[in-house]
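> Need a 3D model of the following:
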Amino acid sequence: MPDLFASAGGDAPRPLADRLRPTRLDEVVGQEHLTGEGGALTRLLRGRSLGSLIFWGPPGTGKTTVARLLAQGTDLHFEQISAIFSGVAELRKVFEAARGRRAAGRATLLFVDEIHRFNRAQLDAFLPVMEDGTITLVGATTENPSFELNAALLSRARVLVFRALDEAALAGLLHRAEAATGQPLPLDAEARAALVRMADGDGRAILTLAEEVWRSARDGEILDAALLQDLVQRRAPVYDKAQEGHYNLISALHKTIRGSDPDAALYYLCRMLDAGEDRLFIARRLVRAAVEDIGLADPQALAVANAAKEAFDFLGSPEGELALAQAAVYLATAPKSNALYTAYKAATRTAKEHGSLPPPRTILNAPTKLMRRLGYGEGYRYDHDEPDAFSGQDYWPERLGRQSFYRPGERGFERRVAERMAWWAEERARREADEG
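Numbering: from 1, shown residues only. Model (predicted):
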């Protein structure tokens with residue numbers, strides 16, 4: 001197949017993503033909420049006046065391109081740096097150059113890629129040059145700016161959210177690539193759909209994958225989905241185990257268990273396993289779900305979750321992952337109750353609010369004569385010697401009085417617990433009445 005990417009005049013080939021880079025805001029795909037009629041970016045360009053911005057979104061969604069277009073549309077000098085490779089010394093040079101341009105009558109749009117990589121001191125260095133108008137900052141981040149950027153910088157910038165490209169936007173990019181090269185992609189319909197899925201919402205990725213297809217296919221060959229996967233391999237999922245994607249998926253797993261959807265729980269579990277998530281991190285969350293969302297509605301849930309962790313420790317990957325899947329399905333299909341979790345929080349709050357109240361002397365041990373003279377242990381009734389092994393004594397600090405934290409539900413094993421507690425309450429009231 002001829003080289004579709006060679007530049008005219010013998011220059012070095014340009015990547016397809018670079019050749020198809022939009023030259024107007026309305027050519028940016030997948031961000032119509034920002035670039036469409038009435039979108040935030042469209043309004044900014046019409047007003048030809050920019051404030052500092054933070055672009056938050058996944059890779060390949062047009063953040064760098066849009067920053068360039070904003071600079072062109074407002075006649076600002078475009079300067080680009082990456083937080084991965086820049087330190088304070090380089091920042092000072094960039095700021096000094098911007099001051100020189102400002103003195104000459106031209107402002108600077110400074111685009112900072114991966115801005116979340118800067119530490120707090122580096123981020124603070126932007127504040128004075130943002131405030132005095134030396135630069136208009138446009139920062140790009142794939143991570144949640146609420147967590148990764150300091151409040152002082154965020155208060156001086158507007159956050160705009162870029163969305164992962166949907167299938168329609170990615171398919172549109174493929175059509176644009178075919179038009180630019182004059183060659184259809186040698187893919188059948190199923191393979192074409194698979195290529196879109198492989199891109200995982202990343203416009204740059206789908207164009208790179210398309211280049212690989214053109215370079216790999218033999219003349220006249222039409223690739224099916226299986227051959228496509230063999231040729232280009234599968235692009236790794238967009239998932240940073242230390243950042244927001246990690247917490248989003250573990251949260252999704254927990255909520256699908258809580259919501260009794262075993263299929264969704266399996267899906268998110270497999271998403272994390274596929275992305276290389278720490279298996280023991282998943283196991284710990286399964287244990288947490290067992291105690292937080294199932295509790296005594298099914299006392300076996302905790303045993304199953306712990307057993308899955310032990311099985312994974314024993315078997316390792318990949319066999320041990322099936323134990324995690326078994327636990328996820330068991331937890332999702334178990335009866336649910338947060339009564340224990342709620343009771344624990346309420347008891348903790350009461351313990352903190354009321355301080356160091358002494359228990360009643362009735363239930364205090366009396367190892368010395370002095371303590372016995374003071375009444376420690378006096379009147380204590382040993383429950384196993386009482387009818388039905390229940391004394392009904394009041395064990396609460398006198399100044400606090402009896403409290404009620406744990407209220408079992410009507411699901412699973414907790415129904416039996418509720419019946420038992422109701423009998424104890426009735427018996428306690430009867431005996432208190434008899435003694436009164």
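
> got the contact list for residue 83?
112-118, 122 (Cβ atoms under 8 Å, 6 or more residues apart in numbering). All C-beta spots, glycine's among them, are computed from the backbone N, C-alpha and C.

> For it, give its distance to residue 118.
Note on residue 83: its distance to residue 118, by Cβ to Cβ, to the nearest Å, is 5 Å.

> where do the contact lists of the two overlap?
By Cβ under 8 Å, 6+ apart, the residues touching both residue 83 and residue 118 are residue 112.

> between the contacts of residue 83, which is nearest residue 426?
residue 116 (59.6 Å; Cβ to Cβ).

> For the closest one, grab the count of nearby residues.
20 (other Cβ atoms under 10 Å).

> where does it fall, helix, sheet strand or coil?
helix (DSSP: H, G, I helix; E, B strand; the rest coil).

> Check the spacing between it and residue 80 real quick.
The spacing between residue 116 and residue 80, counted by Cβ to Cβ, is 16 Å.

> same check, this time on residue 288
Following Cβ to Cβ, the distance that separates residue 288 from residue 80 is 43 Å.

> cool, residue 150 as well?
As judged by Cβ to Cβ, residue 150 and residue 80 stand 22 Å apart.

> now do residue 292
46 Å.

> what does residue 165 give?
Distance from residue 165 to residue 80, by Cβ to Cβ: 22 Å.

> Please apply the same query to residue 142.
16 Å.

> Between those two, point out the one with more neighbours.
Comparing residue 142 with residue 80 by other Cβ under 10 Å, the one with more neighbours is residue 142, at 21 against 16.

> My read is that that one contacts residue 57, right?
Yes. Applying Cβ atoms under 8 Å, one finds residue 142 in contact with residue 57, separated by 7.0 Å.

> Mind telling me what element the residue nearest the centre of the chain is part of?
Centroid-nearest residue in the chain, with Cα atoms, centre = their mean: residue 248, separated by 2.3 Å. If you go by DSSP states H and E, residue 248 is part of helix 244-258.

> Export that helix to PDB, keeping only CA atoms.
Taking C-alpha atoms only, helix 244-258 is exported to PDB below (Å, rounded to 0.1, in the frame of the first residue of the first chain):
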ATOM      1  CA  GLU A 244      -9.500   9.400  39.700                       C
ATOM      2  CA  GLY A 245     -10.200   6.500  37.400                       C
ATOM      3  CA  HIS A 246      -9.100   4.100  40.100                       C
ATOM      4  CA  TYR A 247     -11.600   5.600  42.600                       C
ATOM      5  CA  ASN A 248     -14.400   5.900  40.100                       C
ATOM      6  CA  LEU A 249     -14.300   2.300  39.200                       C
ATOM      7  CA  ILE A 250     -14.000   1.000  42.800                       C
ATOM      8  CA  SER A 251     -16.900   3.200  43.700                       C
ATOM      9  CA  ALA A 252     -18.900   1.800  40.800                       C
ATOM     10  CA  LEU A 253     -18.200  -1.700  42.000                       C
ATOM     11  CA  HIS A 254     -19.300  -0.900  45.500                       C
ATOM     12  CA  LYS A 255     -22.500   0.800  44.500                       C
ATOM     13  CA  THR A 256     -23.500  -2.100  42.100                       C
ATOM     14  CA  ILE A 257     -23.000  -4.500  45.000                       C
ATOM     15  CA  ARG A 258     -25.100  -2.300  47.200                       C
END
